[in-house]
Structure formats: structure tokens, C-alpha cells
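Enquirer: Show me how the following folds:
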Amino acid sequence: MIVFRDPRDVPQGFGPSAVAIGKFDGVHAGHRAVIRRLKEAAAASGVDAVAVTFDRNPLAVLRPDRCPENVVTVERKLELLAELDLDATLVLTFDEDLAALTAEDFVADILVGALHVSTVLVGEDFRFGRGGAGTPALLRELAPQYGFTVEVVDDVYLDDSERRVSSTWIRELLIAGDVTTAARVLDRNVDVRGEVVHGLKRGRELGYPTANLSATVDSFVPADGVYAGWLVDHDTGIRHRAAISVGTNPTFDDVMRRQVEAHVIGETGLDLYGHDVTVEFVERLRGMVAFEGIEKLKEQMAGDVVEAERVLGRTLH
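Expert: Below you'll find the model as predicted:
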């Protein structure tokens, strides 16, 4: 997938293209439905399939007091979009200049001028241009003038829910620690990626060594607690079963920031320091609590490992 960071980066001969526009935060099941339809439309017309997205939530500029934390970083979003076999993604810098661009100029300069769009796909609630004046209805008004068609993609719902799939819902589920439902909304496991760094080595002293992720990770970290999941070592390509801890270790009360730690089940002497890893969350086992003494903590950790093995034994990935 080609990534353009500015409309001026798009070469003159690029296109024509079918374009889907959105924040694509998390690249969840709803976004994936849009991308599937985009690829179908592009294949039917013999044009390039292109996503247009933003380098930040527009609220970070328009209403910073109301801007939520991203589900994934921009780079992680691009990785997820690339996995869907798009031809290209244009990442627009959402700054004061872009916020001031009229909806008509957005269409003329970016969609038509840079991408030579033949089909535009958006969700019903998509807004663009200065003051959010751009709507699917406006796109349809402008379409004949510029020679493109417009398709509004329906919202996506889980089979047993009346709530539409959205990044807002995913954040709520992660804040609650419900990684199982979040995985259904995302259409993939909840995960975070980072470098394994040195910690206090307390897990090793207790008989359960952990891989501690750096403070900088690429996704929204779920609620404090203990989870069953997987540790994927990108340096070796090996996928390990894991019992995962998120929090500040209240039994000792000397950890200053939330940490993601993964104990690899059934492995001894594994050296992961400096490795690039992804921790995937499958199911929350319990909340984070302070224990009265080391022995009770060790007893609980042993139980957590057994429960994590049970959970992972009935999952395929």
C-alpha cells in the first residue's frame, strides 16, 4: 500500500480512484465493511482503492476539550489498512488550514484534483469541510459537476446488539476491560505493541517473570486487571501463550505508571529484552487488587496462569 502524507505527494498520473473517507480509528468492523465495499467498487471499475484519513482526530483542533484518546496511533492505523490490501492511503494533516478549507474546495482540490476520484464512499454521519458543512447530500450535489458517484455505506451492528459499531463504543469497552466484546467490535483481538524493557524484576523473584512493555505503545491500553492472551515476538515470529497484567501493582505500591506485563506460559529462560512484541488480549480474568502478603499474591498468580491456560485452550488465536 502506498502512503501519501500530503495531496501534493500524489503523482500527476495517479488514479482514477475509488475513495473511502473517514477517521478509521481502530479500523474496526464498521471500517472494514466500508473497505470491503470500496474494494468491490474499485474492482468493478478497474480503478485504485484509496482510503483518505487524518493524522489526528479533528476534535484535537476543533474542540480539544472534547477530543477522546485514539484507539490506535496513526502508524498502527496505516498498518491495519495495509493489511486490507488497499492500493493507497492519503493521510491528511488536520490543522487550522485544513479545518478552514470549504467542503467544495475539499472535493475539488483533494478528491478530484489529487486523487481523480470516480467513486466516493462515506458513512451517513460523515462530515467534512469548514464548519462541518460537507455531508453525503452535498457530495451527491457536487458529483455530476465533477464526474464521480457517491455511495453511503450503512452502519454495522453486531448480531446481538442494537448499538452501531464505533470507535466510541470500543473505547468504552476497553475502559471497562471488556476485551472480548471489543474484539468482536474491532473484528480482531485487542492488542498493544511496544518494546520489552527492564522492569523491577519482581515477577522473576516471585517465580513468574514478565515481559514489560515500554511506556510508548501503539494502541489504547485496556483497564487495569489480569488477562489471558498472547505475546507475539516480532523478532522471532513466535506466538506465545501469556497471562497479562495491566496496572500499577498495588500490592507493592511502588510502580509510578500503568504497565503492561506479559508472563509467557510454559517457558523458562526466555530473554525478550529489547524485542519488538505485540500483546494480544483475549479475555479479562479479574480486576487488579492489592494482596495481603507475598504468599497470597503468588497463590493468585498461579491460579491466573491456570485460568489463562484454560481460556487459551478453547480459543483458536
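Enquirer: contacting residues for the nearest residue to Thr135 once chain neighbours are set aside?
Expert: Leaving aside its chain neighbours, Thr135 sits nearest to Arg127 (6.3 Å; criterion: CB to CB, 6 or more residues apart in numbering). To be clear about C-beta, it is placed using only N, CA and C from the backbone, and glycine gets the same treatment. Listed by CB atoms under 8 Å, 6 or more residues apart in numbering, the contact set of Arg127 reads Ala133, Gly134, Thr135.
Enquirer: gap between Arg127 and Glu141?
Expert: 15 Å (CB to CB, to the nearest Å).
Enquirer: And for Thr210?
Expert: 57 Å.
Enquirer: Please say which of the two ends up with more neighbours.
Expert: The neighbour count for Thr210 versus Glu141, taken as other CB atoms under 10 Å, is higher for Thr210 (25 against 12).
Enquirer: Settle this for me: the more buried one is touching Ile265, isn't it.
Expert: No: in this structure Thr210 lies outside contact range of Ile265 using CB atoms under 8 Å: 11.3 Å.
Enquirer: Most neighbours out of the contacts of Arg127, which is it?
Expert: Neighbour max across these (other CB under 10 Å) = Gly134, 23 neighbours.
Enquirer: Bridged to it, which residues?
Expert: Beta-bridge partners of Gly134, counted by DSSP bridges, are Phe128.
Enquirer: Spit out the contact partners of it.
Expert: So Gly134 contacts Ala103, Phe106, Val107, Arg127, Phe128 (CB under 8 Å, 6+ apart).
Enquirer: Can you report how many residues lie near the first one?
Expert: Residue neighbour count, defined by other CB under 10 Å, stands at 19 for Ala103.
Enquirer: can I assume it is in contact with Phe126?
Expert: No: Ala103 is not in contact with Phe126 according to CB under 8 Å; the separation is 11.1 Å.
Enquirer: isn't His198 right up against Asn212?
Expert: Yes: His198 lies in contact with Asn212 (CB under 8 Å); the separation is 7.2 Å.
Enquirer: The two: who's more crowded?
Expert: Shown here are His198 and Asn212; by other CB under 10 Å, Asn212 has more neighbours (22 against 8).
Enquirer: Can you give me the neighbour number for Lys296?
Expert: 11.
Enquirer: Can you tell me the element it falls in?
Expert: Lys296 is located in helix 294-313, with elements delineated by DSSP states H and E.
Enquirer: Alright, that wraps it up for me.
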